[in-house]
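In: here is my input, please return the structure:
(one chain, ligands or ions: 1)
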Amino acid sequence: MPSAECPLCRAPADPWRRKRRFEIYLCSGCRNAFIRDEDVPDDLEDIYSKDYFEGNEHTGYPDYLADRPIIERNFADRVEWIERLGAPGPRLLEVGSAYGLFLCAARDRGWDVHGVELAADCVDASRRDGLDVVRGDFNAAELEGPFDVIAMFDVIEHLRDPVACLARARELLTPGGFIVIETGDHATPWARLLGNHWYFLDPPQHLFYFSRTGLSEVFSQAGFSSDLRVRRMGRRVSLKNICFKLAAAAPSGAARRAFENASMRGIGGHLYLNFGDGMLVAASPG
Ligand SMILES: [Zn+2]
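Out: Model (predicted):
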């Protein structure tokens with residue numbers, strides 16, 4: 001298998017993992033991993049519709065809104081962490097705000113919240129909750145900045161050009177403002193142990209796979225300080241969602257059907273999971 005050029009730092013990259021029919025390359029320079037641009041389906045952004053959040057795509061979420069109470073608790077933890085970092089003001093923008101559950105959690109605690117989101121159904125639902133959400137691509141959307149905090153949860157790995165997105169965020173920040181992102185960390189012990197079975201390895205939806213040092217390089221390229229504040233925060237996950245993920249990973253038909261049945265029958269409850277393989281990161285303009 002030939003090597004590829006890293007789209008982030010231009011260093012050579014070698015084949016690292018293979019999942020579904022996608023080859024994932026690991027860069028020898030910045031140590032981030034990626035799928036090649038020519039392997040990304042042209043209509044990738046079309047999957048971010050209602051189906052993505054309702055289990056009809058065998059990716060994304062089995063039933064995102066059914067998990068609303070536990071997702072809101074996860075987001076409330078993140079709002080508290082952001083508050084401890086000391087933003088200069090209350091204006092907050094979330095990029096990829098989905099159904100607005102983070103925005104609701106932040107609004108409940110007094111933040112002046114705004115969102116930008118691709119999926120029309122999500123935008124409509126957010127507006128019914130009284131949220132100010134612009135529909136469109138963050139890099140092109142008309143947004144009334146500046147903002148004191150810009151947040152992106154589980155978004156950066158989906159982007160075709162993460163550096164351009166972070167650079168746009170930097171332009172929209174107030175002095176003293178900062179960006180917060182959350183993504184997986186492929187260099188952690190749990191991710192290495194699971195190898196190809198790491199749940200976060202999800203091509204072609206996830207185009208990039210970062211490590212902490214690799215992410216710091218990406219932030220530097222976008223004009224941020226490489227001095228990141230990082231927190232390994234866990235999250236509550238419903239048993240329904242866990243079964244959905246296990247069904248997707250199950251090798252055999254019987255195991256897969258068992259997990260699918262458990263997921264579809266609406267198994268109740270949740271677990272707080274923290275394998276240390278995620279990173280919640282805050283960065284300030286450099
Ligand atoms: Zn690289």
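In: SS state for Arg84?
Out: Following DSSP: H, G, I helix; E, B strand; the rest coil, we place Arg84 in the helix state.
In: list the beta-bridge partners for the residue lying closest to Ser284 once chain neighbours are set aside.
Out: Spatial nearest neighbour of Ser284, chain neighbours left out: Phe178 (4.6 Å); criterion: C-beta to C-beta, 6 or more residues apart in numbering. Quick note: C-beta positions are derived from backbone N, CA and C, even for glycine. Here Phe178 sits in beta bridges with Val149, going by DSSP bridges.
In: and Phe178, how many residues sit next to it?
Out: 24 (other C-beta atoms under 10 Å).
In: ok, now Arg36?
Out: 15.
In: surely it meets Tyr25?
Out: Yes - if you go by C-beta atoms under 8 Å, Arg36 and Tyr25 touch, sitting 6.8 Å apart.
In: which neighbours do those two share?
Out: The overlap between the contact sets of Arg36 and Tyr25 (C-beta atoms under 8 Å, 6 or more residues apart in numbering) consists of Ala4.
In: how much space between the residue nearest to Ser284 and Phe219?
Out: Note on Phe178: its distance to Phe219, by C-beta to C-beta, to the nearest Å, is 11 Å.
In: would you quantify the distance from the residue lying farthest from the centre of the chain to Ala262?
Out: Relative to the C-alpha centroid of the chain, counting by C-alpha atoms, centre = their mean, Ala254 is the outermost residue, at 30.9 Å. To Ala262, Ala254 is 13 Å away according to C-beta to C-beta.
In: for whichever residue of the stretch 51-200 of the chain sits closest to the ion, give me its contacts.
Out: In the stretch 51-200 of the chain, the residue that lies nearest the ion is Val163 (11.0 Å; C-beta to the ion). By C-beta under 8 Å, 6+ apart, the residues touching Val163 are 8, 218, 221-222.
In: in which helix or strand does it reside?
Out: helix 162-171 (DSSP states H and E).
In: what comes up buried for that helix?
Out: 162-163, 165-166, 168-170 (16 or more other C-beta atoms under 10 Å).
In: so can I have JSON lines of the residues you listed showing pLDDT?
Out: Formatted as JSON lines, the buried residues of helix 162-171 follow (pLDDT from 0 to 100):
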{"residue": "Pro162", "pLDDT": "97"}
{"residue": "Val163", "pLDDT": "97"}
{"residue": "Cys165", "pLDDT": "97"}
{"residue": "Leu166", "pLDDT": "98"}
{"residue": "Arg168", "pLDDT": "98"}
{"residue": "Ala169", "pLDDT": "98"}
{"residue": "Arg170", "pLDDT": "98"}
